[in-house]
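Student: just a sequence and a predicted model for now, questions to come.
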Amino acid sequence: MDVNKTINKDLILREKLALQRTTLANQSTFLSFLRTSMYFLVAGLSVRNLLQVENSLILEIAFFIISFLIFVFGIYNFIKHKKSIVDNAKHIGAYQMEYYQ
């Protein structure tokens with residue numbers, strides 16, 4: 001019986017660590033979306049000053065729109081995966097009660 005409790009505790013710990021790694025990966029992915037969005041925002045802000053291009057206003061607006069879309073998609077992606085992670089946390093099993101006893 002003692003071996004089963006040890007195995008169950010190891011299983012729970014492994015599953016919890018996997019969930020934490022997945023959560024950190026989700027946060028890292030969101031920060032990557034945020035960084036990319038900010039790059040496009042900075043590009044939009046600096047197009048008119050750095051380049052002497054006709055219709056630079058159109059390029060600025062295009063960069064701003066792309067930046068906004070990447071940011072919105074990043075938020076959507078983060079929330080969708082966070083819900084999935086929370087739903088999967090329920091599937092660790094009934095071992096949790098044995099672990100805390």
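Tutor: Here it is on my side, so go on. Everything numeric here is computed off the predicted structure, so don't read it as measured data.

Student: and the residue nearest the centre of the chain, how far from Ser84?
Tutor: Central residue of the chain (C-alpha atoms, centre = their mean): Asn26, 2.9 Å from the mean position. Computed as C-beta to C-beta, to the nearest Å, the Asn26 to Ser84 distance reads 9 Å. (Each C-beta comes from the backbone N, C-alpha and C, glycine too.)

Student: hang on, the earlier thing: how far off centre is the host helix or strand of the residue nearest to the centre of the chain?
Tutor: Per DSSP states H and E: Asn26 is located in helix 2-50. What separates the centre of helix 2-50 from the centre of its chain is 5 Å, taken as C-alpha atoms, centre = their mean, to the nearest Å.

Student: follow-up on the earlier one: and the nearest residue to the residue nearest to the centre of the chain once chain neighbours are set aside, what element?
Tutor: Using C-beta to C-beta, 6 or more residues apart in numbering and skipping the chain neighbours, the partner closest in space to Asn26 is His81 (4.8 Å). Element membership of His81 [criterion: DSSP H and E] is helix 56-89.

Student: give me the angle between that helix and helix 2-50.
Tutor: Between helix 56-89 and helix 2-50, the angle comes out at 170 degrees (axes from the mean of the first three to the mean of the last three C-alpha atoms, to 10 degrees).

Student: report the mean per-residue pLDDT for helix 56-89.
Tutor: In this model, helix 56-89 carries a mean pLDDT of 94.

Student: next, the buried residues of it.
Tutor: Leu59, Glu60, Phe63, Ile66, Ser67, Ile70, Phe71, Gly74, Phe78, His81 (16 or more other C-beta atoms under 10 Å).

Student: next one: Glu15, what pLDDT does it get?
Tutor: pLDDT, read off for Glu15, is 82.
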